[in-house]
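Visitor: Give me coordinates for this.
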Amino acid sequence: MLYELRTYRARPDRFSRLVALASGVGVKIAAKYAKLAGHWTTEMEGVNEIVQLWQYEDFADRTRAAEALARDKGWQRRYMVPRAPLIERVRSMVLVPADVWPYTPPSGENIYELRNYRLHPGKTREWLDVWRRGMSVRQEYSKPVGIWYSELGELNRIVHLWPYKSLAHRYEVRTNALGEELWRETVATLATLMQAMESTILLPTAASPLK
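Guide: Predicted coordinates for the structure are as follows:
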């Protein structure tokens, strides 16, 4: 399985128009060729941004979907042309699921935290092994949707996605988890393998399969 994380930054005065376009006609057309896993707007860190998570069987499936979309006249006329004056930047990372955790969509309505770590080169396997040991206690407090490492785009990246009922629930869960000695040791060890960390709160749009 393969995933693509796409982030669109809107011009500040055109954000609502981009959200309506992307979550409406954009998703409707693109979903004919690829499976949408998640569709969000950002609440913190990046502002005026839309984040999409697309799922593919493999690289060949992604290539097939991209080529089919490029041939779709409705995609160009109804989405790409009206989108052009609304956006400042588009970013994309192709992600491979890590073998330390299965993709596990939550039930109910949630907010999401997208955590993005830039590792020192060559440290991906070590980071994942340390994280897996710590999850033996961390998962008692909450469980992630999935964890991935980057294959194309920004390299040496670990990306993981966590569901929470609210920001207050997030704070409570993370505070309680740090009460576990093994998790504190895990966090301290992981920090030595990383160059930078980012955390973004995501709010599902009406188009998002992950609610």
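Visitor: so what pLDDT did Gly46 get?
Guide: Residue-level confidence at Gly46 comes out at 64, pLDDT.
Visitor: quick check: mean pLDDT across stretch 104-112?
Guide: On average, stretch 104-112 scores 92.
Visitor: Now it: buried residues?
Guide: Applying a neighbour-count criterion of 16 or more other C-beta atoms under 10 Å, one finds Pro106, Asn110, Ile111, Tyr112 buried in stretch 104-112. Yep, even glycine has a C-beta here, placed from its N, CA and C like the rest.
Visitor: swap in stretch 127-144?
Guide: Applying 16+ other C-beta under 10 Å to stretch 127-144 flags Trp127, Leu128, Val130, Trp131, Gly134, Met135, Val137, Arg138, Tyr141, Ser142, Pro144 as buried.
Visitor: ok, now stretch 17-35?
Guide: Neighbour-count burial for stretch 17-35 [16+ other C-beta under 10 Å]: Leu18, Val19, Leu21, Ala22, Ser23, Val25, Gly26, Val27, Ile29, Ala30, Tyr33, Ala34.
Visitor: Run a quick neighbour tally on Ala196.
Guide: 9 (other C-beta atoms under 10 Å).
Visitor: show me the contacts for it.
Guide: Tyr117, Arg118 (C-beta atoms under 8 Å, 6 or more residues apart in numbering).
Visitor: which residues pair with it across the strands?
Guide: Arg118 (DSSP bridges).
Visitor: which residues in the protein form helices?
Guide: 15-21, 27-30, 59-71, 73-75, 81-83, 124-138, 167-177, 181-191 (DSSP state H).
Visitor: Reformat those helices into CSV and put distance to Ser208 next to each item.
Guide: Formatted as CSV, the helices of the chain follow (distance: least, C-beta to C-beta, whole Å):
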stretch, distance to Ser208
helix 15-21, 12
helix 27-30, 9
helix 59-71, 19
helix 73-75, 20
helix 81-83, 19
helix 124-138, 25
helix 167-177, 18
helix 181-191, 29
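Visitor: To Glu43, which of the ones you listed lies closest?
Guide: With respect to Glu43, and counting by C-beta to C-beta, the nearest of these is helix 167-177 at 8.6 Å.
Visitor: Which elements pack onto that closest one?
Guide: If contacts are counted by 3 or more C-beta pairs under 8 Å, 6 or more residues apart in numbering; DSSP states H and E, helix 167-177 sits against strand 111-119, strand 157-164.
Visitor: what about 10 Å?
Guide: Contact analysis of helix 167-177 by 3 or more C-beta pairs under 10 Å, 6 or more residues apart in numbering; DSSP states H and E lists strand 111-119, helix 124-138, strand 157-164, helix 181-191, strand 194-204 as its packing neighbours.
Visitor: tell me the mean pLDDT for it?
Guide: pLDDT averaged over helix 167-177 gives 97.
Visitor: Let me see the domain layout of the chain.
Guide: Using automatic domain parsing, the domain ranges for the chain come out as 2-95, 99-204.
Visitor: Can you give me the end-to-end span of the longest one?
Guide: By that I understand domain 99-204. End-to-end distance for domain 99-204: 26 Å, by C-alpha to C-alpha, to the nearest Å.
Visitor: That concludes my questions; thank you for your assistance.
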